[in-house]
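J.: structure of the sequence below:
(chains A, B, C and D)
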There are 2 protein chains.
Amino acid sequence: MEFKHQPTVTLAEVAHAAGVGESTVSRVLRNHGSFSGRTRERVMAAVERLGYVPNRIAGTLASTGSRLVAFVIPSLSNIVFPDVLRGASAVLEENRYQAVFSVTDYDPGKEEALAAAMLAWRPAAVMLAGCEHTEGTVKMLRASGCRVVELLDLDGDALDIAVGFSNRAAGRESAAFLLKRGYRRIGYVGHDLNRDTRAGKRFSSFCETLDAHDAPLVAREILEGASSVENGRLGLERLLARTSDLDAVYFSNDDMALGGYFHCLAEGIAIPSKLAIFGYNGLDIGRAIPQPLSTIRTPRVATGQIAAQLVVANAPPQAVDLGFELIEGATA
Amino acid sequence: MEFKHQPTVTLAEVAHAAGVGESTVSRVLRNHGSFSGRTRERVMAAVERLGYVPNRIAGTLASTGSRLVAFVIPSLSNIVFPDVLRGASAVLEENRYQAVFSVTDYDPGKEEALAAAMLAWRPAAVMLAGCEHTEGTVKMLRASGCRVVELLDLDGDALDIAVGFSNRAAGRESAAFLLKRGYRRIGYVGHDLNRDTRAGKRFSSFCETLDAHDAPLVAREILEGASSVENGRLGLERLLARTSDLDAVYFSNDDMALGGYFHCLAEGIAIPSKLAIFGYNGLDIGRAIPQPLSTIRTPRVATGQIAAQLVVANAPPQAVDLGFELIEGATA
DNA sequence: CGGTAAATTGGTAGCGCTGCCAAAAAAACC
DNA sequence: GGTTTTTTTGGCAGCGCTACCAATTTACCG
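T.: Here you go, the predicted model:
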């Protein structure tokens, strides 16, 4: 079965129907340059009558800059990225930009391939997660001449624009908080750190801070695969089976922490008296459980918004630190 | 501050550098048509040396069909849509298609505007949620000649391709399950139904089924705004304040149901003996709480995958029913 | 009212690539 | 060796639109 492209109405046809020149139609439609009210009406009437839909492919090719913004994100399962997209898409839509995306699965090689594919669309900007990229990716982005925005990680050199916060600081403050609360036998439950380098950074500075206070990490449990509530539950179960005398556990993020929380709930482990739990991200659900989750709230939506605003405004290279907020909660 | 587009390498320059014609370069790069091995090497060397990145904007304009797929989705907060995107994007990436998206916020007027903006990119297909659209949207999509895929709702007439399941059936089966379990005094907690028409369909057929079994809905609590765990918690709290003798509550989805679950947990309301809880969606987290949530698992990722596959294969118009699965769980 | 400034308008050359076609080169055949 | 086939190639006309410039019309002024 075949499905052919319907013959589309072109700008030239509209111009003819309205009895004006092509460039006049173009000006009216983009509301750019000058034209009389009467002309405007005639053009709009013709557009309406013919059901004309401008062809942005042609428009973009003819003009220089495109209104596409390309997102190359690690995952759509991790709520972080939909949140960033959400913040960005609102701003982009207002400014008549289009968002294009692809998902790398936390694979730097795939990131490179997908970034290349994105560049082929000559976007106004490419948005990437974090500041660790392959040499090829960096070279390509540099050469492209389009704006590059690195999101959610300020611990590194930015190529152009960076918006987010310091994951190292987040790890550090999490550790400091637990220590301040008096916990000394602290464990960690996390997901695959080689892939999620931001989680890796949090973890390493978390450990450094513990070391600096003579309360080194007692045990850790790293699970394969993506972060999830189920993995968090399983991770804590395994960790406690090996090491029973922990007084607090730091999780790679809230999903994992919730899993840990539920494990304790199911096993009757008192929180936080018997075991404290600390997460990362500040998901809404963490506030709705019986004991609000102690965690760090990250500005995910704002990261997307600011990033989009900077792109739309064609702002100069800069790093914008949006910080994060430590939520004391009731689980630590 | 100004940021100019770097002078980009064009196919013509590659052709010149490689000492061959433009069309030869084009053929080699697309691996289409015939060329000798030696030519291929020379072209690839030039591409490498100059760092050439093909311009898909130009390519798409010159050829007829594009490899863009446009998603016009209601929300990115509701995990349903990221899940669909996830399923679709994997398939699309494999086939070298690009995903473009925009978010309507459940506003049909905005859907129309965004669909129009999408059509301007002459996508190969437009994917929309549900089968309720404004007259203008329908007219525009019909006229566009591009493929249209309606997702996650089979209760209505499809424009072209539809992939999903019946929300009415989901509502019906949920009611039947609760009745079979012996619950008779049933309430409902939901979010804004005018906007989320699929939740509305579930709710109305849920009620019809209750009516048909002489156990009409006892009470309902509809919250403004989007579905969320916090709203579910609040909704149940309000509902129980008004109506204390319920034996089961149906929630508009799992987020809301989890809120209800946590409310019971915090208030010491025994589940399911004192109050049963039933959700919708089958989120992973529902399986990780101490008592697995009774719910309906929907094929969200598969919906995206199948939709993308059909588009890539340019399949004929059809409705694909992926069904859903009732999970008995432990909360009802 | 002549003349200059300002506001409108249309023509047209590309934007970078693909598709078509004919030319050239290589391979196959008698 | 001379054809006939087959394989490779290059040239060039668009794809539909925008940017630029020149032409035209209208507004304004002394």
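J.: quick one: mean pLDDT over stretch A:95-111.
T.: Average pLDDT, stretch A:95-111: 95.
J.: skipping adjacent residues, who's closest to the residue in the stretch 151-300 of chain A that DNA strand D sits nearest to in space?
T.: Per C-beta to the nearest atom of the strand, A:D160 is where the stretch 151-300 of chain A lies closest to DNA strand D, at 23.4 Å. For every residue, glycine as well, the C-beta is placed using N, CA and C. Spatial nearest neighbour of A:D160, chain neighbours left out: A:V148 (4.1 Å); criterion: C-beta to C-beta, 6 or more residues apart in numbering or on different chains.
J.: swap in A:S144?
T.: Using C-beta to C-beta, 6+ apart, the closest residue to A:S144 is A:L119 (5.1 Å).
J.: which elements pack onto the helix or strand containing A:L178?
T.: In this assignment (DSSP states H and E), A:L178 forms part of helix A:167-180. Helices and strands touching helix A:167-180, as assessed by 3 or more C-beta pairs under 8 Å, 6 or more residues apart in numbering or on different chains; DSSP states H and E, comprise helix A:197-212, strand A:248-251, strand A:276-278, strand A:295-297, strand A:325-327.
J.: all helices for chain A, in order.
T.: With helices called from DSSP state H, chain A shows them at A:11-18, A:22-30, A:37-50, A:56-62, A:80-94, A:108-119, A:135-144, A:167-180, A:197-212, A:229-242, A:254-267, A:285-288, A:300-312.
J.: highest mean neighbour count out of these?
T.: Of all those, helix A:254-267 has the most neighbours on average by mean count of other C-beta atoms under 10 Å in any protein chain shown, namely a mean of 25.
J.: by how many degrees do it and helix B:254-267 diverge?
T.: Angle of helix A:254-267 versus helix B:254-267, following axes from the mean of the first three to the mean of the last three C-alpha atoms, to 10 degrees, is 40 degrees.
J.: give the residue spans of the stretch 1-150 of chain A that score low on pLDDT.
T.: Counting by pLDDT under 70, the stretch 1-150 of chain A shows low-confidence ranges at A:1-6.
J.: which parts of it sit against DNA strand D?
T.: By C-beta under 7 Å from any atom of the strand, the residues of the stretch 1-150 of chain A that approach DNA strand D are A:8, A:10-12, A:22-23, A:26, A:29-30, A:32, A:52, A:54-55, A:58-59, A:61-64.
J.: swap the cut-off to 6 Å and go again
T.: Residues of the stretch 1-150 of chain A lying close to DNA strand D by C-beta under 6 Å from any atom of the strand are A:8, A:10-12, A:22-23, A:26, A:30, A:54-55, A:58-59, A:61-63.
J.: contacts only, for the residue nearest to A:S144.
T.: Contacts for A:L119 (C-beta atoms under 8 Å, 6 or more residues apart in numbering or on different chains) come out as A:A70, A:V126, A:M140, A:L141, A:S144, A:C146, B:V53.
J.: near DNA strand C, list only the ones from the residues of the stretch 1-150 of chain A next to DNA strand D.
T.: A:E22, A:S23, A:L61, A:A62.
J.: which two among those residues are spaced furthest apart?
T.: A:S23 and A:L61 (16.4 Å; C-beta to C-beta).
J.: domains of chain A?
T.: Here the domain parsing of chain A from the TED database is A:11-54, A:68-165+A:300-323, A:167-297.
J.: mind putting the ones you listed into a markdown table with distance to B:A313?
T.: Listed next are these as a markdown table, based on distance: least, C-beta to C-beta, whole Å:
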| stretch | distance to B:A313 |
| --- | --- |
| domain A:11-54 | 26 |
| domain A:68-165+A:300-323 | 20 |
| domain A:167-297 | 29 |
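J.: of all those domains, which lies closest to B:G286?
T.: Closest approach to B:G286 among the domains of chain A is made by domain A:167-297 (9.1 Å; C-beta to C-beta).
J.: can you give me the end-to-end distance of the closest one?
T.: This stretch, domain A:167-297, spans 12 Å end to end (C-alpha to C-alpha, to the nearest Å).
J.: now stretch A:270-287
T.: In stretch A:270-287, first residue to last residue: 18 Å (C-alpha to C-alpha).
J.: that one vs chain B: in contact?
T.: Yes - interface with chain B: stretch A:270-287 contributes A:D284, A:I285, A:R287 (C-beta under 8 Å from any C-beta of the partner chain).
J.: what's the spacing between A:F165 and B:L114?
T.: 31 Å (C-beta to C-beta, to the nearest Å).
J.: in the stretch 201-332 of chain A, what residue lies closest to DNA strand D?
T.: Of the residues in the stretch 201-332 of chain A, the one nearest DNA strand D is A:N314, at a distance of 14.9 Å by C-beta to the nearest atom of the strand.
J.: isn't that residue up against A:C146?
T.: No - the criterion here is C-beta atoms under 8 Å, and A:N314 misses it with A:C146 at 11.0 Å.
J.: of the two, who's got more company?
T.: More crowded of A:N314 and A:C146, by other C-beta atoms under 10 Å in any protein chain shown: A:C146, with 25 against 13.
J.: a markdown table for the residues of stretch A:270-287 next to chain B, including distance to B:E94 and pLDDT?
T.: Shown next, in a markdown table, are the residues of stretch A:270-287 next to chain B (distance: C-beta to C-beta, whole Å; pLDDT from 0 to 100):
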| residue | distance to B:E94 | pLDDT |
| --- | --- | --- |
| A:D284 | 34 | 94 |
| A:I285 | 33 | 95 |
| A:R287 | 39 | 94 |
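J.: and those residues near DNA strand C, which?
T.: Okay, of those, nothing touches DNA strand C (C-beta under 6 Å from any atom of the strand).
J.: relative to DNA strand D, how far out is the closest residue to chain B within the stretch 101-250 of chain A?
T.: Closest to chain B within the stretch 101-250 of chain A is A:G145: 2.8 Å, counting by C-beta to the nearest C-beta. Remark: distance between A:G145 and DNA strand D (C-beta to the nearest atom of the strand, to the nearest Å) = 17 Å.
J.: tally of neighbours for that residue?
T.: Neighbourhood size, A:G145 [other C-beta under 10 Å]: 15.
J.: swap in the one 5 residues further on?
T.: The burial count assigned to A:E150 is 26, neighbours taken as other C-beta under 10 Å.
J.: surely it and A:A162 touch.
T.: Yes - A:E150 lies in contact with A:A162 (C-beta under 8 Å); the separation is 4.6 Å.
J.: so what sits against both of the two?
T.: A:C131.
J.: now the end-to-end length of stretch A:285-294.
T.: Stretch A:285-294 has an end-to-end distance of 12 Å (criterion: C-alpha to C-alpha).
J.: next one: it to chain centre, how far?
T.: Its chain's C-alpha centre and that of stretch A:285-294 lie 23 Å apart, by C-alpha atoms, centre = their mean, to the nearest Å.
J.: now do the contacts for A:T298.
T.: So A:T298 contacts A:V80, A:L152, A:F165, A:A170, A:Y280, A:N281, A:G282, A:F324 (C-beta under 8 Å, 6+ apart).
J.: where does the stretch 51-200 of chain A get nearest to DNA strand C, residue-wise?
T.: For the stretch 51-200 of chain A, C-beta to the nearest atom of the strand, closest residue to DNA strand C: A:A62, 3.5 Å.
J.: thank you, goodbye.
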